[in-house]
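Visitor: Just a sequence and a predicted model for now, questions to come.
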Amino acid sequence: MIVTVTYNPAVDQTIQFDEQMAPDRVMRADSAQFDAGGKGINAAQLLTAMDRPCVATGLLGGFTGSFIRETLQDDGVETAFVDVDGTTRLNTTAIAAAEEYKLNQAGPTVDESVVDALLEQVRAQSPDRVLVGGSLPPGLSPDAIDRIAAGGDWETIVDTGGDVLRELDAQYALCKPNRAELGDATGADVSTVEGCADAADTFRERGFDRVLASLGADGAVLVGDAGRLYAEALDIDVVDTVGAGDALLSGVLSAWEAGADDETALRTGVAVSSQVVQRAGTAVPDLDDIDSVRDGVTVRRL
Ligand SMILES: Nc1ncnc2c1ncn2[C@@H]1O[C@H](COP(=O)(O)OP(=O)(O)O)[C@@H](O)[C@H]1O
Ligand SMILES: O=P(O)(O)OC[C@H]1O[C@](O)(COP(=O)(O)O)[C@@H](O)[C@@H]1O
């Protein structure tokens with residue numbers, strides 16, 4: 001069973017315009033939607049949709065926090081959040097003509113004491129795996145993630161920014177940087193797939209059994225003791241890439257929970273992410289035929 005920890009959840013607002021963004025004028029959206037968001041929450045929704053036992057935890061506050069809790073419960077996702085003062089943030093993605101703008105708030109300032117309360121929630125679920133996803137709100141340091149990793153006999157997976165990744169100092173089963181985050185964390189040249197695989201392999205020495213590096217339209221690499229696997233992205237019509245990394249990671253974790261090997265897990269991750277990027281927002285897409293999509297993913301060893 002997987003528990004997800006989202007220290008800094010978000011209500012994801014996605015608004016779409018036919019015309020390009022321009023300053024000093026009123027832009028009137030053609031469509032708009034609100035979704036429960038934040039990296040660990042996105043993963044919990046996808047894992048639940050793939051029938052993998054999962055509990056979403058993290059910090060919630062204010063009316064936006066209530067929206068997230070109610071949305072997850074309506075979606076059948078089990079929750080065990082810690083309430084905090086302040087208001088959970090609103091992250092806005094504006095899709096204007098062919099351009100995407102991502103406007104993320106910082107989140108409410110929290111006291112480090114919330115980590116103790118959160119650890120209690122995680123331990124109460126007796127998980128096999130814990131995914132810590134997303135940024136940290138003001139008031140928390142990377143130690144808040146290390147304390148989860150060291151807090152019980154579970155495997156810890158982490159998906160967070162490169163600036164935090166490089167500060168972590170515990171043992172992790174996997175981290176999931178995207179290309180920019182991998183470059184930030186390692187200072188390596190990540191302009192090629194091979195370069196990303198080299199950087200990911202080197203980064204393992206910092207306490208990560210495996211590194212899953214997502215490369216956008218170039219697909220993803222998964223490096224670990226079993227070697228360096230590369231999966232090309234599927235050729236699809238992309239609408240919105242927000243949530244893509246969470247979807248990749250969720251597919252990998254879902255396959256592992258079913259006992260699959262790394263190659264099948266990587267294929268599943270690319271398949272799930274290809275479904276998510278074909279629609280706006282971070283709501284769960286139709287995953288009924290994900291196995292046939294997975295079988296169309298090409299994986300090779302680097
Ligand atoms: N333009 C694209 N075409 C096809 N697949 C994509 C595209 N962008 C993202 N994906 C899929 O989503 C996965 C994660 O995308 P990425 O943008 O790297 O994640 P993040 O949201 O963490 O930045 C990729 O590995 C790929 O499978
Ligand atoms: O695009 P990704 O990396 O999969 O993550 C999407 C999620 O990350 C967020 O952008 C938040 O990211 P951060 O927690 O890193 O700020 C959410 O708004 C969104 O739900």
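Guide: Looks like it arrived, so ask away. Ligands and ions are numbered 1, 2, ... in the order given.
Visitor: residue ranges for the strands of the stretch 51-200 of the chain, please.
Guide: 54-60, 78-79, 82-83, 89-96, 99-103, 129-133, 155-159, 172-175 (DSSP state E, counting those that start in this stretch).
Visitor: so which of those strands comes closest to ligand 2?
Guide: strand 89-96 (3.5 Å; CB to the nearest ligand atom). (Glycine included, C-beta is placed from N, CA and C.)
Visitor: Show me what from the protein comes close to ligand 2.
Guide: 8, 10, 12, 37-39, 42, 91, 104, 134-135, 161, 242-246, 282 (CB under 6 Å from any ligand atom).
Visitor: Take those residues and keep only those in helices.
Guide: Lys39, Asn42, Ala244, Gly245, Asp246 (DSSP state H).
Visitor: send the alpha carbons of stretch 38-52 over as PDB?
Guide: Extracted in PDB, the C-alpha atoms of stretch 38-52 (Å, rounded to 0.1, in the frame of the first residue of the first chain):
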ATOM      1  CA  GLY A  38      -0.100  18.900  -5.900                       C
ATOM      2  CA  LYS A  39       2.300  16.200  -6.900                       C
ATOM      3  CA  GLY A  40       1.400  13.600  -4.300                       C
ATOM      4  CA  ILE A  41      -2.300  14.300  -4.600                       C
ATOM      5  CA  ASN A  42      -2.200  13.800  -8.400                       C
ATOM      6  CA  ALA A  43      -0.400  10.500  -7.800                       C
ATOM      7  CA  ALA A  44      -2.900   9.400  -5.200                       C
ATOM      8  CA  GLN A  45      -5.800  10.100  -7.700                       C
ATOM      9  CA  LEU A  46      -4.100   8.200 -10.500                       C
ATOM     10  CA  LEU A  47      -3.100   5.200  -8.300                       C
ATOM     11  CA  THR A  48      -6.600   5.000  -6.900                       C
ATOM     12  CA  ALA A  49      -8.000   5.000 -10.500                       C
ATOM     13  CA  MET A  50      -5.600   2.100 -11.300                       C
ATOM     14  CA  ASP A  51      -7.000   0.200  -8.300                       C
ATOM     15  CA  ARG A  52      -3.800   0.400  -6.200                       C
END
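Visitor: That stretch and ligand 1, are they touching?
Guide: No - shown here: stretch 38-52 not in contact with ligand 1 (CB under 6 Å from any ligand atom), separated by at least 8.3 Å.
Visitor: any idea how far that stretch is from the chain center?
Guide: 9 Å (CA atoms, centre = their mean, to the nearest Å).
Visitor: Just the buried residues of it, please?
Guide: Within stretch 38-52, the residues scored as buried using 16 or more other CB atoms under 10 Å are 38-50, 52.
Visitor: Please apply the same query to stretch 221-230.
Guide: Val221, Leu222, Val223, Gly224, Arg228, Leu229, Tyr230.
Visitor: Dump the residues you listed into JSON lines; add pLDDT and secondary structure as well.
Guide: Output for the buried residues of stretch 221-230, formatted as JSON lines (pLDDT from 0 to 100; DSSP: H, G, I helix; E, B strand; the rest coil):
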{"residue": "Val221", "pLDDT": "98", "secondary structure": "strand"}
{"residue": "Leu222", "pLDDT": "98", "secondary structure": "strand"}
{"residue": "Val223", "pLDDT": "98", "secondary structure": "strand"}
{"residue": "Gly224", "pLDDT": "97", "secondary structure": "strand"}
{"residue": "Arg228", "pLDDT": "98", "secondary structure": "strand"}
{"residue": "Leu229", "pLDDT": "98", "secondary structure": "strand"}
{"residue": "Tyr230", "pLDDT": "98", "secondary structure": "strand"}
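Visitor: Nearest to Gly61 among those residues?
Guide: Nearest to Gly61 out of the buried residues of stretch 221-230 is Leu222 (CB to CB; 35.4 Å).
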